[in-house]
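S.K.: My questions concern the predicted model and sequence given below.
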Amino acid sequence: MKTWKIAALMLSVVLPSASLATDLEVTHWWTSGGEAAAVAEFAKAFDATGNKWVDGAIAGSGDTARPIIISRILGGNPMGATQLNPGKDADELIAAGLMQDLTDLATAEDWANILRPASQLESCTVDGKVYCVPVNLHSAQWMWTNRKVYTDLGIEPPKNFDEAVAAAPALQAAGIQPFSLAQGWPVGLMVNDILVAQAGVENFVKVYKDRDLAIAGGPEFTKVFESLAAVRQFVPADKMVPQWNEAVGLVIQGKAGANIMGDWAGGEFAVANMVAGQDYDCLPGLGVTPVLNTGGDVFYFPKSADPAVTEAQLKLASTLVTKEVQVAFNLKKGSLPMRADVDLSAANDCMKKGLAILDGSDAVFPNDVQMIDRDSINQINDLFTEFMANPDMAAADAQAKFVSIIEAAPK
Amino acid sequence: MDRPNPFFRNKWSKAASLPMMLIVWVVFVCGTIWTVLFSFTNIKILPLFTPQQWMDGFVGFANYTRLFKTDRWMSCPGITKILTEDWEFKCAGALPNMVTYAVFSIVISVSLGFLLAVMMDQKIRAEGVFRTIYLYPFALSFVVTGHVWAWIMSPEYGLQHSIRQLGWESFTFDWIADRQMVMYAIVIAGIWQGTGFVMALMLAGLRGIDEDIWKAAKVDGIPAWRTYLQIVLPMMKPVLVTTFVIVTSGAVRIYDLVVATTDGGPGISSDVPSRYIYQNFSANLGQSLAASTVLLVTMAIVLIPWIRMEFGKKSQA
Amino acid sequence: MANTTAFDQVPSGKKPTPFITWQRFVVYSVLGVCALFFLLPLYIMVITSLKSIQEIQGGNIFVPTMSPSFDAWEKAWNSACTGLYCEGIKVGFWNSVKITGPSTVVSIAVASVTGYSLANWPFKMSEFYFTVLLLGSFIPYVVMLYPLVIITRWMGIYSTLPAVVFVHTIFGLPILTLLFRNYFASLPQELFKAARVDGAGYWGIFFRVFVPMSVPIFTVAVILQITGIWNDFLFGVIYAGPTNYPMTVQLNNIVNSAMGGKAYNVDMAATILTGLVPLTIYFVSGKYFVRGIAAGAVKG
C-alpha cells in the first residue's frame, strides 16, 4: 500500500528521467472558447513530458460534472485528475482517503514559497498535507463594457457601475440591452458584486463571515437593495440567456452594453480578438472600489492502485505549476497566475489591473464559499434571482429574507 | 380461473421473476432505505453507506425543517391566515409547480392522445407518416428542442413578435416570461413531447381489441363514437391505467423540460422538485435526499391506496 | 360527431375508401392541424440548421434562409468541438448502438416475462413486488445514482458495458412491467384457459399464445426503450466507462459549450442527427401496429 509513496519519493528525486508514457484522463468543465484554449495549454505541456492527456470534458457546470466525478471515484475507476472546488466539498473525499497526497511533491518544489497568495494553497491543505494543485486565481468583481456601443450613441463609455446605470435609458431607447445577464449563478454573482461595490468590502465580509445582522438589515444594505430594485428594469427576465458566456457574447457582439462577470469573461474577449482598453473595458470592483476576491481553480488527483498512474499524476501536478505553463494557461483563461516570479509582459490591460490589486493585499477578500456554507449560498442566489426577476418584490421584503437566511446559516 | 396445481403452476413463474425480485430488493428497497436514512445526516458531497457513518453525521430533522423553510421548495403565504377573511390557498415553489404541471399535462395529453389514436384508427391514408410526426418529438434530445420552444414562446423573437409584425398589433403570447403563467408554457412543450407516445400506447390498445366486438356493435346498430366511448374505452382500462402511470411518473420526474425551456425562470417561478434535488445533489446531498424522501412519501400516500384498489381485487378474482 | 358511413365502417383490413365524405374531412383536418403543431419546432430546427450564424442572430426564426447550406450538418457530424477534440458526434455512434441494442433486448425480455407472471401466474407476495415497482417508477433517477455505483462495483462490472445495460434494465423495469402486465391482463382470458386445457405450460403459453398476440405492445415497448436509452446521457457517462461513452455525451458537450457565441445551426443539426436512429425505428414500426391480432389468435 505504500507503493505510491515510494513512487512519489522516487519521482521527486529522478524527475527528468524518461518514464513510460501513461494515459491520464483529466475531467473538467472548461468548454467555453477561452476555457478550451487554456486547457489545451495544459494538455500540450503534459504531452511534452512523454505522457498523454486524455481529455474528459463534461460540458455544463460543476452541477453536472460533480455527480459524475464522484461516481467514478466511488466506483473504483477514477479519472487521473479532476477539477473540483476546494474547501468543504473535497474535504469529505480527502477524509475518506480517496485523494492522492501531494505533500512530498509540494515540499520538494517549495510550493509554499512560489505560489501566492498563501490562502490558495491553504485551501488545498488538510491537516498539514497538500491534496490539490491551485492553477490560477479568479476574481468575480468585474464589469465588462463594449466601448463601441457607447461611443456610437455619443456617450462616453462608463468608468463605473453608476455611470453604466446612468447611460442605461439611452441604450434601451436605441434597442440595446444596457446589461446582459445569464440565468442562475450569474445573477447571484452580479448582486454580490453590486453589494460589495456599494456597501463596501468591510460590511460585506462582516455580513457573510461574521453574520452581522445589524449590518445586513441596516441602512447601507437597504440602499443597495433599493438601487437593485431600480436596476431591475434594465435586466428584464425575458432577456436573460442560459449561459454566462452567451451573456458575455452579447456584449462582444454589441447587442448589450455591459455585463458583470468574473475575470474568466476576459478569455471570451480574447477569443473574439478584442483589445482591452480599446474595444472593451474591464472594470475591477465594477469601477467603484478596486477590490477583488480570491477564488481559483484547483486540480485533485484521485488515488490510483496503479503506480504508473500515480507517477503520471505527480508529473502532471508538477507540470501545472511550472512557469511556462502558468503563463500560457492564464493568458488564455483570463485569470491570474499562481506564481509571482513569471514574466507577464504579454498580459493584457485587464490582467495587469488585476495583478496590481493583488499586490496591495488589503484589497483582496475571501470568496463567499470560504465564508458561508453552500446551502446558504444557494438560498441567497435563489433570493437574488427571484428579486431581480420579480418586479413586485419590494426591496424591504428581499432584505428581510436576506437577513433571515444569514441568521439561519450554520456557523 | 381454475388453478389445478398451485406449486407446479408457480415454479416457472417464480423462477422467471427472480431477476425482478432481486432488483426490487437490492435496488429499490435498499436504495430507498438508504435515501431515507441518510436524509437525516449532514453529508454534503460524498455518499456514505455504513451505520457508523450514519451515526456520525446524524442531524435529526434539520434537513426537513430547512427544506420547508425554503421558498424555492414550497411557500404558501396565505395559509397561515387560515379561517380568517384574508385566507387564500395559493402556493408557489417547486412542489406546487409540479402538481400544476402534472394535472394539466396528464389531462391534456391523455385526452388528446386518445383522440389522435381513434382518428388514426379510421383506416386513414399515410398512417405511418402521421404516427411518425406525432412521435418524433419523443426521439429528439430535449436539450435542444426545449430551446426551440423557448424561442417560439419568447415574446421577444417568437410567435408574438412575428404575428405582431404581420399586423395584429395586440397579439400577446408571453406566458414563458410571465411568472404566473410560465408553468402552462412548460405544459405546452410537455404535451408536444409526450402526446405522441400516449397516442402509440392507445393505438396499441385499440388494435388489441377483438374485431368481433366491432362486428357485434355494427350488427346492433351502435354508432362508432358510442362504440369507442362505451364499449372499447372500458375494455382498454388496463392500457389506460398504464398510460396514466407513465404520464404521471413523467410529470413527477419532470426535469429536462424545465431546464431546457426556462431553467426555472423567470426568477425561480418555474422550479420543480427534480431540479431542486439535482442542484443540491453534489453540494448538499443530505438536503437532496430529504427532498427525495418527501417526494417519495407523498407519492406513496397517494398511490398505495390506489394500487390496492386498482390491482388488489383482480388477482384474487 | 358522426353517426353514418365512415365511422360506421367495420374495420376489416380493406384499403381506405376513396370517397371524400365530410367525416373523412373532419378526421384529416384534426390530424392535419395537430400535425402542424407537432411539426412547427422541427421546421424551425431544420431551417435554423441551414442558416449561417449571422442569419440566425439577425433574422426571424420562422423565415427560411435564401441560401441554405449543409455546412452545419457536416460540422455536427465530423468536426464540432467538445473540449479538446474536434471530431463531431460521429465518435460515439457505435457505442450508442452497443449500449442501446442489448439494453433494449434485456430490459424487454425481463419485463415481459415479469409482467406475464404477475398477470397470469400470481405467486405469494407478487402484489408487494408490483406495488414496489409501481412506486419505483416515481423515484427521481438521480437519487439511485450512488447506490447503483456501489452495487455495480460490488458486482465487479462498474465502468463496463454490462453495467450500463444492467442500469437501463433496472430503470426500464417498473414502467415496462406495468405495460406488459396490464396488456396481458386485457387479453381474453379464455385463451389462457384453453391453452391450459390443451396442456401448455408457463413457457408454452407465453411464446405460443401471448407473444404472437402482443406485437403492438412489444412495439410500444421497443419505442419506449430505444428512445430512452438512445437519448440517455447520465447513465452512459457514469456507468459505461470512458471507452464506451455514447453519442449523447458528445451532443451534450457540443450543445453546452459555446465557442465564442452559440452555434445554434450546429446544435440543431447535431440533435436531428442524433435522433435519426429512433426516428427510423418509429417509421419502420408502422407495420407492427396491426389490427386484429387478438382475433386471429382466437380463431387459430
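M.R.: Sure, I can see it. Since the structure is predicted, the reported quantities are computational estimates derived from the model, not experimental observations.
S.K.: What segments of the stretch 51-200 of chain C are helices?
M.R.: Using DSSP state H, counting those that start in this stretch, the helices of the stretch 51-200 of chain C run over residues C:53-58, C:71-74, C:93-120, C:126-136, C:145-155, C:161-186, C:189-197.
S.K.: ok, what's across the strand from residue B:41?
M.R.: As for beta bridges, residue B:41 partners with residue B:58 under DSSP bridges.
S.K.: ok, so what distance separates it from residue B:58?
M.R.: 6 Å (C-beta to C-beta, to the nearest Å). Placement of C-beta: from N, CA and C, glycine included.
S.K.: These two - which one has more neighbours?
M.R.: Shown here are residue B:41 and residue B:58; by other C-beta atoms under 10 Å in any protein chain shown, residue B:41 has more neighbours (22 against 13).
S.K.: give the contact list for the more buried one.
M.R.: B:48, B:53-54, B:57-59, B:286 (C-beta atoms under 8 Å, 6 or more residues apart in numbering or on different chains).
S.K.: Would you mind listing which of these are buried?
M.R.: Among the contacts of residue B:41, those classed as buried by 16 or more other C-beta atoms under 10 Å in any protein chain shown are B:48, B:53-54, B:57, B:286.
S.K.: Return the member of those residues nearest to chain C.
M.R.: Taking C-beta to the nearest C-beta as the measure, residue B:48 is the one of the buried ones among the contacts of residue B:41 closest to chain C, at 9.4 Å.
S.K.: Skipping its backbone neighbours, what lies nearest residue C:214 in space?
M.R.: residue C:183 (6.1 Å; C-beta to C-beta, 6 or more residues apart in numbering or on different chains).
S.K.: I'd say the one you found and residue B:208 touch.
M.R.: Yes - in this structure, residue C:183 is within contact of residue B:208 by C-beta atoms under 8 Å, at 6.9 Å.
S.K.: Which of the buried ones among the contacts of residue B:41 fall in helices?
M.R.: Members of those lying in helices (criterion: DSSP state H): B:53-54, B:57, B:286.
S.K.: For the stretch 151-300 of chain A, what lies in contact range of chain C?
M.R.: Applying C-beta under 8 Å from any C-beta of the partner chain, we find that the stretch 151-300 of chain A lies next to chain C at A:243, A:245-246, A:249, A:252-253, A:268, A:271-272.
S.K.: so where is chain A shaky, pLDDT-wise?
M.R.: Low-confidence segments of chain A (pLDDT under 70): A:1-20, A:86-89, A:361-362.
S.K.: residue boundaries of the strands in it?
M.R.: With DSSP state E as the criterion, chain A has strands at A:23-28, A:52-57, A:81-84, A:125-126, A:129-130, A:132-134, A:142-146, A:177-180, A:256-260, A:280-284, A:292-294, A:298-300, A:364-366.
S.K.: Which neighbours in the sheet does the third one have, and how are they oriented?
M.R.: By that I understand strand A:81-84. Short version: by DSSP bridges, strand A:81-84 pairs with strand A:23-28 (parallel), strand A:298-300 (antiparallel).
S.K.: Can you tell me the closest non-neighbouring residue to residue A:367?
M.R.: Of all residues not flanking residue A:367 in the chain, residue A:295 sits nearest, at 4.0 Å (C-beta to C-beta, 6+ apart).
S.K.: my bad, residue A:308
M.R.: Here the residue nearest residue A:308, using C-beta to C-beta, 6+ apart, is residue A:22, at 4.9 Å.
S.K.: how many other residues sit next to the one you found?
M.R.: Close neighbours of residue A:22, defined as other C-beta under 10 Å, add up to 20.
S.K.: Look up how far chain C lies from residue B:205.
M.R.: 7 Å (C-beta to the nearest C-beta, to the nearest Å).
S.K.: In terms of secondary structure, what does the one helix or strand that residue maps to contact?
M.R.: In this structure, residue B:205 is located in helix B:182-207 according to DSSP states H and E. In terms of contacts (3 or more C-beta pairs under 8 Å, 6 or more residues apart in numbering or on different chains; DSSP states H and E), helix B:182-207 is packed against helix B:94-120, helix B:127-139, helix B:142-153, helix B:237-252, helix B:256-261, helix C:22-49, helix C:161-186, helix C:215-231.
S.K.: my read: residue A:380 touches residue A:405, true?
M.R.: Yes - taking C-beta under 8 Å as the definition, residue A:380 is a contact partner of residue A:405 at 5.7 Å.
S.K.: Bridged to the residue most central in space within chain A, which residues?
M.R.: Closest to where the C-alpha atoms of chain A average out (C-alpha atoms, centre = their mean) is residue A:138, at 4.5 Å. Under DSSP bridges, the beta-bridge partners of residue A:138 are residue A:295.
S.K.: From what I see, it and residue A:298 are in contact.
M.R.: No - with contact defined as C-beta under 8 Å, residue A:138 and residue A:298 do not form a contacting pair (10.9 Å).
S.K.: Not counting its neighbours along the chain, what's nearest residue A:237?
M.R.: Nearest-residue entry for residue A:237: residue B:266, 3.4 Å, with adjacent residues in sequence omitted and distances by C-beta to C-beta, 6+ apart.
S.K.: Return the residues in contact with that neighbour.
M.R.: The neighbours of residue B:266, taking C-beta under 8 Å, 6+ apart as the test, are A:237-238, A:240, A:389-390, B:177-179, B:182.
S.K.: Pull the most distant pair out of these.
M.R.: Within those, A:240 and B:178 form the most distant pair, 14.1 Å apart (C-beta to C-beta).
S.K.: Isn't residue A:30 up against residue A:57?
M.R.: Yes - Residue A:30 lies in contact with residue A:57 (C-beta under 8 Å); the separation is 6.9 Å.
S.K.: Need the overlap of contacts for those two.
M.R.: Contacts common to residue A:30 and residue A:57, judged by C-beta under 8 Å, 6+ apart, are A:36, A:39, C:83.
S.K.: so which strand or helix has residue B:18?
M.R.: Counting by DSSP H and E, residue B:18 is part of helix B:6-22.
S.K.: what's that helix packed up against?
M.R.: Applying 3+ C-beta pairs under 8 Å, 6+ apart, one finds that helix B:6-22 contacts helix C:93-120, helix C:126-136, helix C:202-205.
S.K.: Mind listing what's buried along the longest one?
M.R.: Within helix C:93-120, the residues that qualify as buried by neighbour count (16+ other C-beta under 10 Å) are C:93, C:95-96, C:98-100, C:102-104, C:106-108, C:110-120.
S.K.: How far off centre is it?
M.R.: Mean-position distance between helix C:93-120 and its chain equals 12 Å (C-alpha atoms, centre = their mean, to the nearest Å).
S.K.: close to chain B, is that helix?
M.R.: Yes - contact of helix C:93-120 with chain B (C-beta under 8 Å from any C-beta) involves C:110-111, C:113-114, C:116-118.
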